[in-house]
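Q: Predicted structure and sequence below. I'll ask about it afterward.
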Amino acid sequence: MLKFILMRLLQSIIVMLVVGMIAFALFRFVGDPINNMVGQDTTMAEREALTESLGLNDPFMVQYGRFILNAVQGNFGMSYRLRQPVSKLIAERFPATLELSLISAFLALALGVPMGIYTALKPKSFFSRGFMTLSLLGVSLPTFLIGILLILFFGVTLRWLPTFGRGEVIQLGWWSTGLLTASGLKSVILPAITLAIFQITLIVRLVRAEMQEVLRSDYIKFAHARGLSPRLINFSIALRNTLVPVITIIGLQIGSIIAFAIITESVFQWPGMGLLFIQAVSEVDIPVMAAYLLLIALVFVVINLIVDILYFVVDPRLRVQS
Amino acid sequence: MSDISNQKDSFLTRFRDSDLWWNFKASPSAIIAAIVTFIIVFGAIFANFVAPHNPFDLATVDLMDSLLPPAWEDGGRASYLLGTDDQGRDVFSTIIYGSRISLIVGFASVGLAAILGIAVGLISGYAGGIVDTILMRIADVQLSFPAILIALLIDGVARGIMPRDMHDELAVYVLIIAIGLSFWVQYARTVRSSVMVERNKEYVQAGQVIGLPDWIILVRHILPNVMGPVLVIATIQLALAVITEATLSFLGVGVPPTSPSLGTLIRIGNDYLFSGEWWITIFPGGALVLLVLSVNILGDWLRDALNPKLR
Amino acid sequence: MKVKKFLAASVCMLALGLGVANAETFKWSFQGDVQSLDPHGLNETFTLGFLGNVYEGLTAYDDDLQLQPGLAVSWENTGPTTWIFKLRQGVKFHDGGDFNADDVIFSWKRTLTSGSDMKGYGARISGITKIDDHTVQLETPAPNPILPRELVFYYMMDKEWSKKHNTIEATSPKSADATATYAAQNANGTGPFILTERQPDVRSKFIRFDGYWKDIPTNVTEVYFMPISQGATRVAALISGELDMVYPVPVQDWKRLNSAEGVKALTGPEARTIFLGMDQWRDELLYSNIKGTNPLKDKRVRKAMAHAINLNAIDEKIMRGAAVPAGLLVAPQINGFDASFNIPYAYDLDKSKALLAEAGYPEGFEIGMDCPNNRYVNDEKICQAVVGLLARVGINVDLNAQPKSKYFAKVSPQNGNDTSFYLLGWTPSSMDVHNVLFNLMSSFDTEKNTGQFNYGHYSNARIDEITGDVEKETDQVKRQNMVAEAFSILKDDVGYIPLHQQPLSWGVRDGISLSQRADNVLDLRYVIVDK
């Protein structure tokens, strides 16, 4: 087990290095940062000088090497767009994104898993059909439209909830939380729903599909034959076996929630990393993009690691082969 | 109506036994979904004949006709059934033409993602060891890149290597590859985890004992058993692909606004949500909801019907 | 003793209570945040306008863009290249420092440091001599009739404060650490508002500076700036009452704002002109089906295109009647504007088709067009409309609409002006016509730096000559005659196709009065909140 984890950590470092390398290879396709950093009266020679001094004329491997050298010393550079250290910006934004992602993941699981189980156990019932159709709404309309419609209805028409931002935040050390103030809690509702709606679809479908498979497997039939109570079979044995692939997907979903948060955050002006990233893309803020991508890579790597470890815990069959 | 059913019948009988057909007839929601899907796909394929106007032929579009409400509202005109958009294009026709682009992008990118993802998942799960490690770490790298960056990258590379004359046709291919690439990992991870479970089962071991080549075991025996989750993902991803395409358009990279997809139409209409020209968003949005719902209902039904264990 | 304490406490509370009663809060939003608080960091209108509430120059604009005294009380052109500026006495910086001649000299030198983006302005001055604490003599390298105008955005910093915080050089984007960028994150000006809190992209807080030297209309004591990037969200935040003022408001949302209770749209013509440019230098267009020759080099073709574009339709349908169709590259607010040339090319399809036939393209041709999709008001929609209009005379346009970073990277001179036909907008930062002659109308020349934004390389020798002369001409009548000649040549050549002045589009809550400046700057000095 320890060897496994160590190997995975080593691989993770390689993954992150590769992510960084690809990132630097593609930055030049995003656009030219210089135009956004100078005014219209700045001469071509000065623009060229700035490009040169930022090292943007160097081959991407050189730029990447320089970035890595600085990064291992804890220096991620200065944002072109906000003229602040990238590490400071990310530290400010990360809590916002994580709080939003976790709340929406919690919402999606709390609604999606029971709905999935119900539709698997009673596939023909009216409610099951309703749940299945309803759960599709999240993937039927683009996130940005759902977000704007929610803002229009709850923010503008009813005026119950704020239309943008994170409300008042409280600093707990370096972590800023919006979950301890009334305005912060109100602010998180709409973005969290927008982000969760999209996740629910997949969770309901996945739980249902897996549960149905499991319910028809031999060992469940055997358990019925042994006279175990249906409740025990459904919720202990079947659910447990359903969870293996579900954990994979949901684990991966947390990563994609963070990725999809880009849209939600930009619609609600939620001051998280997604908003930071999308603005970095539009202004070609290379240091911010690089740091964001590496951080996302780190999140995925860690989640994958946890998922793989959970496999060992949840599914005894997998333990044998290692 | 009966024509359609007959057509479907003869079409299906060639592939499946009448079991499936019977199953289909027994499911009213599947029938409705099939009809809706068929109408949308038919309309998209024969857009040139079905649509009253050709919104992509700009010489026929008049800016002065823009922002007309649907025909039944005050100021609406009969020739523009669902009204016109900000450029004077007929909304009904743009929906039909837009569906074509959306369906092409959706099916092609999901197909690309599925083929890539299933192949990687099968190999990775079956081979295990170093092959598995390398493939899964590539998947990790892939997951770290949001679709928008991939789209920008592919667009940049394509513009670099293609001759200038080809540039305007690029957008659709760029989207297909970008979305396909950002979607394959999910298939790979799902198939892999199922394969890891399947490969220890007796039927696989039996196959190995009698000396069947690995690829036959993979394709003929393991693949059908892991298709359940794949179909679920594929039907949802078809919708997601269409929506991702809209999202990319929202972020400024997508098909050109002069030949909009369904998603681009919604993005354009998004600008008019406050201003009262609701028909520019609501109709394409409704069309998208219909398409996604019916494809997914069909997908759900097909998954259940094809699953031998559920019969 | 006890009583005394009680009294003191109640006086305190009374004072606090009064303070609260008088506290007027103003919350506003723009589509983005400033990059830096360094007054010499970025020469861009929003940044300079935003910082103009904190920092000030020797001269200033009033709410109608008219020049007025700022930190200088008066000025005089004492020789062809010398100016005497009398500085205002008793002006304090926010940290209590005094403003004097040393600060003027320091600020000028700071604009010339490598990180500065105001070097162009700095170079308009060749030397500053301190005559006494409140008088300076400025030398210019050449006669410069508009020097006072060019000093408006040339903000004054305190020498002592800058030394203390080690920020004597302008902060550069390439700075590697936080200490080198102190001035980018902190501000200390002479302006009416003190920046007290800043979270980039989230919130900036200002409070009124009690020691401000001038009596100004505003009654606002507390200002919150909260940028919102999405137009729809911005408008929603205004209608829902969370904000007092937002801009820009999408033009199609005006109707909604005006029908909603408690808010209204505030509009007017902006000093920015939107226009189309054409490749007039390559022997073969990069993006066209015509090979071996460049149809856009033929004046008749350019003219045909100009006559095919219906500016009124674009104004009415795309801009909701909010734009002002233009015949010139300069707007009426710009010094040097001449109304007699501001008549657009007439919309005349027959004439356009006839001109095309005469030029040898009776069936039209194909051309690629570049367009930004997040830079100007409805930029992508305007381009789409142009594409549709040109299709009617047989010119089929392939539209390539991209985010501004990709667009500018493609069409700018750094990439060899990789375009055949493009849309651009321009506000001369000096509010003077010379800036337009220099950047847009002069021949592209990397030595002289002229024509940097002349992406299509329009070139006319006489206009080049006029551009040089206008810069030095101090006689206003002669100067205007030369400008008129240049306008007339450009118009006849169809060097550009001006489309319109884009609209200012602000949304304001009822009970707020403010003034809308034509350069799209919100000056907090004029914001009054009704009780």
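A: Thanks, I have the structure now.
Q: contacts, neighbours, all on C-alpha from now
A: Will do.
Q: remind me which residues of the stretch 51-200 of chain A are low pLDDT?
A: Within the stretch 51-200 of chain A, no stretch falls below the threshold (pLDDT under 70).
Q: can you map out the helices along it?
A: Remark: helices assigned in the stretch 51-200 of chain A by DSSP state H, counting those that start in this stretch are A:60-72, A:86-121, A:126-140, A:143-150, A:182-215.
Q: Could you export the ones you listed as CSV, including distance to chain B?
A: Converted to CSV, the helices of the stretch 51-200 of chain A look like this (distance: least, C-alpha to the nearest C-alpha, whole Å):
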stretch, distance to chain B
helix A:60-72, 14
helix A:86-121, 11
helix A:126-140, 5
helix A:143-150, 7
helix A:182-215, 7
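Q: What sits closest to the residue of the stretch 301-450 of chain C found nearest chain A if chain neighbours are left out?
A: Closest to chain A within the stretch 301-450 of chain C is residue C:406: 4.3 Å, counting by C-alpha to the nearest C-alpha. Of all residues not flanking residue C:406 in the chain, residue A:31 sits nearest, at 4.3 Å (C-alpha to C-alpha, 6 or more residues apart in numbering or on different chains).
Q: Also residue C:449?
A: Taking C-alpha to C-alpha, 6+ apart as the measure, residue C:449 lies nearest to residue A:43, with 6.5 Å between them; neighbours along the chain are not counted.
Q: Which pLDDT value goes with that neighbour?
A: At residue A:43 the predicted local distance difference test score is 85.
Q: got it, and residue C:118?
A: Model confidence at residue C:118, given as pLDDT, is 89.
Q: Name all residues that make contact with it.
A: For residue C:118, the contacting residues are A:42, C:40, C:41, C:42, C:43, C:111, C:112, C:154, taking C-alpha atoms under 8 Å, 6 or more residues apart in numbering or on different chains as the criterion.
Q: I'd guess residue C:156 is in a strand, am I close?
A: No - the assignment for residue C:156 is coil, going by DSSP: H, G, I helix; E, B strand; the rest coil, so no strand is present there.
Q: That one: how many residues sit nearby?
A: Neighbour count of residue C:156, defined by other C-alpha atoms under 10 Å in any protein chain shown: 27.
Q: before we move on, back to that, count the neighbours of the residue nearest to residue C:449 for me.
A: 19.
Q: Dump the helices of the stretch 51-200 of chain A to CSV, plus mean neighbour count and distance to residue B:33.
A: Below are these laid out as CSV (neighbours: other C-alpha atoms under 10 Å in any protein chain shown; distance: least, C-alpha to C-alpha, whole Å):
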stretch, mean neighbour count, distance to residue B:33
helix A:60-72, 15, 50
helix A:86-121, 20, 19
helix A:126-140, 19, 12
helix A:143-150, 22, 23
helix A:182-215, 23, 18
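Q: of all those helices, which lies closest to residue C:381?
A: Taking C-alpha to C-alpha as the measure, these were each checked against residue C:381, and helix A:143-150 came out nearest at 19.6 Å.
Q: follow-up on the earlier one: which of the contacts of residue C:118 has the most neighbours?
A: Ranked by the number of neighbours (other C-alpha under 10 Å), these place residue C:40 first, at 30 neighbours.
Q: That one reaches residue C:117, doesn't it?
A: Yes - checked against C-alpha atoms under 8 Å, the pair residue C:40 and residue C:117 is within contact range at 6.0 Å.
Q: tell me, what's touching these two both at once?
A: Once C-alpha under 8 Å, 6+ apart is applied, the residues that residue C:40 and residue C:117 both contact turn out to be residue C:111.
Q: hang on, the earlier thing: would you mind putting the helices of the stretch 51-200 of chain A into a markdown table with distance to residue C:281 alongside?
A: Rendered in a markdown table, the data for these read as follows (distance: least, C-alpha to C-alpha, whole Å):
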| stretch | distance to residue C:281 |
| --- | --- |
| helix A:60-72 | 33 |
| helix A:86-121 | 43 |
| helix A:126-140 | 49 |
| helix A:143-150 | 43 |
| helix A:182-215 | 51 |
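Q: residues touching residue C:410, list them.
A: Each residue near residue C:410 by C-alpha under 8 Å, 6+ apart is listed here: C:417, C:418, C:419.
Q: What values do phi and psi take at the last one?
A: The phi and psi torsions at residue C:419 (degrees, to the nearest 10) take the values phi -160, psi 160.
Q: That one and residue C:279, how far apart?
A: With distances taken as C-alpha to C-alpha, to the nearest Å, residue C:419 is found 7 Å from residue C:279.
Q: any common contacting residues for the two?
A: Counting by C-alpha under 8 Å, 6+ apart, the common neighbours of residue C:419 and residue C:279 are C:455, C:456.
Q: burial of the residue of the stretch 151-300 of chain C found nearest chain A, as a residue count?
A: Here the residue of the stretch 151-300 of chain C nearest chain A is residue C:240; by C-alpha to the nearest C-alpha that distance is 4.9 Å. Other residues within reach of residue C:240, judged by other C-alpha under 10 Å, total 25.
Q: For the helix or strand where the residue of the stretch 301-450 of chain C closest to chain A lies, output the C-alpha coordinates as PDB.
A: When secondary structure is defined using DSSP states H and E, the element that contains residue C:406 is helix C:404-411. As requested, C-alpha coordinates have been extracted for helix C:404-411 and formatted as PDB (Å, rounded to 0.1, in the frame of the first residue of the first chain):
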ATOM      1  CA  LYS C 404      -9.800  41.000 -28.400                       C
ATOM      2  CA  SER C 405      -6.600  39.300 -27.400                       C
ATOM      3  CA  LYS C 406      -6.600  37.100 -30.400                       C
ATOM      4  CA  TYR C 407      -7.900  39.800 -32.700                       C
ATOM      5  CA  PHE C 408      -5.300  42.300 -31.800                       C
ATOM      6  CA  ALA C 409      -2.500  39.800 -31.900                       C
ATOM      7  CA  LYS C 410      -3.600  39.000 -35.400                       C
ATOM      8  CA  VAL C 411      -4.200  42.400 -36.900                       C
END
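Q: Tell me the helices and strands packed up against the helix or strand just after it.
A: The element immediately downstream of helix C:404-411 (helix or strand, assigned by DSSP H and E) is strand C:421-426. The criterion is 3 or more C-alpha pairs under 8 Å, 6 or more residues apart in numbering or on different chains; DSSP states H and E, and the helices and strands that strand C:421-426 contacts are strand C:263-278, strand C:366-372.
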